[in-house]
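Undergrad: The following block contains a protein sequence and its predicted model.
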Amino acid sequence: MRTLGSSTFLLAILPAPGWGAFLLNFGIIGVVVIVLYLLFGILRRVFRQFTSDLVLVALNVSQTPLTLIVFAIGFKLALQTLSIAPTIYITWFQRGLTAFLVLIAAFWVVQLLTEVVPYAFSQYAARSEAMWDDVLTPILQNVLPLIVYLVGGLLFLQAFGVDIQGLLVAIGGISFILGFALKDILANFFSGLVLLIDTPFRFGDVIELANGRRGVIKHIGLRLTELYLIDTHSQIYIPNAAFEGQEIINLSRPTNHYYYTIAIPIKADVAPALAISMMEKVVLAHPDTMGEIDKKLELVDEFYGCSIPGVKAQQKRETGRQRLLAETEVNTLLAEIEMGLAHLADLISQLERGGLDVEERRTVQAYYLELCQKIGLESNKSDRHDRRRRLLSEATGTVSESTLIGLIRRWYQYWLKDPDLFQEDQQTLKQEWEQKIDLLKIKVNKLLWAISNPKGLDTRLDELVERFREWLRENFKSSRNEWQDPKIWINDLKGDYTRDTLVRFYVDDIKLEHCERGQRILSEMRRELVWHLRQSYLSN
């Protein structure tokens, strides 16, 4: 379509035939090429104002190929204005120009596939939960260019009058043979695509394999899936077909928390309620376990760090208190927003009967914008070049610090002061929450667009609001999960006149500390429980 449009335009501006006309046409083509080349420079300056560099990448890879294509098409049309009898040299020259156009077009398509499209995938993946870029990028950069160059080579030969039907038959036979010989590789390749489409996990999730080994998803390649095994500190590479056929337990879903269990013996004559109360306090006092935050703040000074007191325990206690206080503010505001979204869904459900009129739509939009201000997004129409800013952008100034986004950032900044975190956790934790914040902005703006422009979605707006509320609660951050509170069970009496108690608790983020955070807390918890029980004469 682009070539046809260029040909029509150039034919319209070309004068009458003859050598003089040919020279004039050639000059016009030169001017058009120069103007086109300069236009790319102007467009680059314009699109530098945008937040995304995707258009700039596309302009950089398209400038030279498109200029050469326009020049070759114009030169070919200019030759047609010559009123001379066609000779074998002119015929071959025309074919050469056609072959040149094929090669330049193939080169341009390959550049788009290897530079522009992967960049677009990487940007999309950075702002969403998609993982396609990790697999599609190698395909775009390694596989598709070969196909494009193969098709371009066939068209190149066809431009010189070569009959390619025999080549097509040969290529089909070779493809059948290679497909049969490489069936295992192809099976692994398609299994990798299936894993991405089904998305049973995201990169960085902690999973448990069928043999009980625990690992972290590091990379899904064209043929192999790479895992980091936590227990042995080693990498394992599993063929995608074999990996897809395994029974896999994702320990990071629905959240990246995971519960741990400790068996602690207590005296048989101890009142069970007394022992349970003591152990609940010890578990709740640890800054890195899940539980009701108000109770954790009450207990952290008295019940944490008693078994091995010192400077680190004091530092851990102080940073833990700051983090818990910040999380309390986050959870309070998040609960208000979730309640507001529930009320908005009820309001839309009442108003949507018969469709939303203009006033009802304004009412819904005004209520939603109030919730957006609590999230930390506001309307900004100052920049007309950025479509996203014309919707909602992040609030600025001191007001933004009291919004959900501002409180989230302050919360994870306190978290980064945890003395137990590794250097790599500083980047991992920040990157994880900033990606969630970016995804939150996208979902807020999508819902605003649906509310402002229903276009047949009037009866589904309440469902969209509820879906967004559910995403906040399950994928962004939950304001409160009672099921994550610690639990203690007391077993039957043993032969040595003791009882085993099973202590079950959740760790806040098992992916931190090189995925050893849970094991460290498990060890500390066992030590703290034994120390407090012995101090209270509840254990031997």
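TA: Good, I have the coordinates.

Undergrad: what about the stretch 151-300 of the chain, any weak spots by pLDDT?
TA: Scanning the stretch 151-300 of the chain for pLDDT under 70 picks out 162-164, 166-201, 203, 221-223, 244-245, 253-256.

Undergrad: Can you show me the helices along it?
TA: Counting by DSSP state H, counting those that start in this stretch, the segments of the stretch 151-300 of the chain that form helices are 165-181, 183-198, 240-244, 272-285, 293-303.

Undergrad: and the angle from the fourth one to helix 293-303?
TA: When you say that, I think you mean helix 272-285. If you take axes from the mean of the first three to the mean of the last three CA atoms, to 10 degrees, helix 272-285 sits at 100 degrees to helix 293-303.

Undergrad: Mind listing what's buried along helix 272-285?
TA: Residues 275-276, 278-285 are the ones in helix 272-285 that count as buried (16 or more other CB atoms under 10 Å). Glycine gets a C-beta too; all of them are placed from N, C-alpha and C.

Undergrad: hmm, which two among the residues you listed are most spread apart?
TA: The two members of those with the most space between them (CB to CB) are 275 and 285, at 15.9 Å.

Undergrad: related to what we said a few turns ago, got the buried residues of helix 272-285 as a markdown table, with distance to residue 266 columns?
TA: Shown next, in a markdown table, are the buried residues of helix 272-285 (distance: CB to CB, whole Å):
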| residue | distance to residue 266 |
| --- | --- |
| 275 | 5 |
| 276 | 10 |
| 278 | 9 |
| 279 | 9 |
| 280 | 14 |
| 281 | 15 |
| 282 | 13 |
| 283 | 15 |
| 284 | 18 |
| 285 | 19 |
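
Undergrad: right, and out of those, which lies closest to residue 454?
TA: residue 284 (46.9 Å).

Undergrad: what's the burial count for the closest residue to the closest one other than its chain neighbours?
TA: Closest residue to residue 284 apart from its sequence neighbours, by CB to CB, 6 or more residues apart in numbering: residue 291 at 4.7 Å. Number of residues near residue 291 (other CB atoms under 10 Å) recorded here: 21.

Undergrad: what residues are up against residue 291?
TA: By CB atoms under 8 Å, 6 or more residues apart in numbering, the contact list for residue 291 reads 283-284, 484-486, 505-506.

Undergrad: hmm, try it at 7 Å
TA: By CB atoms under 7 Å, 6 or more residues apart in numbering, residue 291 lies in contact with 284, 484-486.

Undergrad: Let's see the ChimeraX selection covering just the buried ones among these.
TA: Typed into ChimeraX, the next command selects the buried ones out of those (criterion: 16+ other CB under 10 Å):
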select :284,484,485,486
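
Undergrad: Reformat the contacts of residue 291 as a markdown table; add distance to residue 75.
TA: Rendered in a markdown table, the data for those read as follows (distance: CB to CB, whole Å):
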| residue | distance to residue 75 |
| --- | --- |
| 284 | 80 |
| 484 | 71 |
| 485 | 77 |
| 486 | 79 |
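
Undergrad: which parts of stretch 296-309 are buried?
TA: Within stretch 296-309, the residues that count as buried by 16+ other CB under 10 Å are 296-297, 299-300, 303-305, 307.

Undergrad: Could you identify the pair within the residues you listed that is furthest apart?
TA: Pairwise distances among the buried residues of stretch 296-309 were taken by CB to CB; the largest, 20.5 Å, belongs to 297 and 307.

Undergrad: how much space is there between residue 404 and residue 481?
TA: Using CB to CB, to the nearest Å, we find residue 404 at a distance of 18 Å from residue 481.

Undergrad: out of everything not next to it in sequence, what's closest to residue 160?
TA: Excluding the flanking residues, the one nearest residue 160 by CB to CB, 6+ apart is residue 95, at 5.3 Å.

Undergrad: so which helix or strand takes in that neighbour?
TA: helix 88-111 (DSSP states H and E).

Undergrad: contact partners of that helix?
TA: With contacts defined as CB under 7 Å, 6+ apart, helix 88-111 is touched by 61-62, 65, 68-69, 72-73, 75-76, 79, 145, 148-149, 152, 155-156, 159-160.

Undergrad: ditto for stretch 409-424
TA: Residues from elsewhere that reach stretch 409-424 (CB under 7 Å, 6+ apart): 312, 315-316, 319, 322-323, 326-327, 330, 426, 429-430, 433, 512-514, 520.

Undergrad: how long is it end to end?
TA: In stretch 409-424, first residue to last residue: 18 Å (CA to CA, to the nearest Å).

Undergrad: so what does the longest helix anywhere in the chain touch, helix or strand wise?
TA: If you go by DSSP state H, the chain has its longest helix at helix 311-351. If contacts are counted by 3 or more CB pairs under 7 Å, 6 or more residues apart in numbering; DSSP states H and E, helix 311-351 sits against helix 293-303, helix 358-375, helix 404-415, helix 461-471.

Undergrad: if I read this right, residue 219 contacts residue 226, doesn't it?
TA: Yes - between residue 219 and residue 226 there is a contact under CB atoms under 7 Å: 4.2 Å.

Undergrad: Find the residues that touch each one of the two.
TA: Counting by CB under 7 Å, 6+ apart, no residue touches both residue 219 and residue 226.

Undergrad: related to what we said a few turns ago, next, the buried residues of the helix holding residue 95.
TA: The neighbour-count check on helix 88-111 (16+ other CB under 10 Å) flags 97-111 as buried.

Undergrad: how many neighbours does residue 392 have?
TA: Number of residues near residue 392 (other CB under 10 Å) recorded here: 21.

Undergrad: ok, now the one 10 residues further on?
TA: By the criterion of other CB under 10 Å, residue 402 has 14 neighbours.

Undergrad: any idea how far the helix holding residue 95 is from the chain center?
TA: Relative to its chain's centre, helix 88-111 lies at 41 Å (CA atoms, centre = their mean, to the nearest Å).

Undergrad: repeat for stretch 290-304
TA: Here the centre of stretch 290-304 is set off from its chain's centre by 34 Å, with CA atoms, centre = their mean.

Undergrad: Put the alpha carbons of that stretch into PDB.
TA: Extracted in PDB, the C-alpha atoms of stretch 290-304 (Å, rounded to 0.1, in the frame of the first residue of the first chain):
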ATOM      1  CA  MET A 290       2.300 -11.300  58.600                       C
ATOM      2  CA  GLY A 291      -0.500 -10.400  61.100                       C
ATOM      3  CA  GLU A 292      -2.600  -7.600  62.500                       C
ATOM      4  CA  ILE A 293      -0.300  -4.600  62.400                       C
ATOM      5  CA  ASP A 294      -1.700  -2.900  65.500                       C
ATOM      6  CA  LYS A 295      -0.900  -6.000  67.600                       C
ATOM      7  CA  LYS A 296       2.600  -6.300  66.100                       C
ATOM      8  CA  LEU A 297       3.400  -2.700  67.100                       C
ATOM      9  CA  GLU A 298       2.300  -3.400  70.600                       C
ATOM     10  CA  LEU A 299       4.500  -6.500  70.900                       C
ATOM     11  CA  VAL A 300       7.600  -5.800  68.900                       C
ATOM     12  CA  ASP A 301       9.500  -4.100  71.800                       C
ATOM     13  CA  GLU A 302       8.800  -6.800  74.400                       C
ATOM     14  CA  PHE A 303       8.900 -10.000  72.400                       C
ATOM     15  CA  TYR A 304      11.300  -9.400  69.500                       C
END
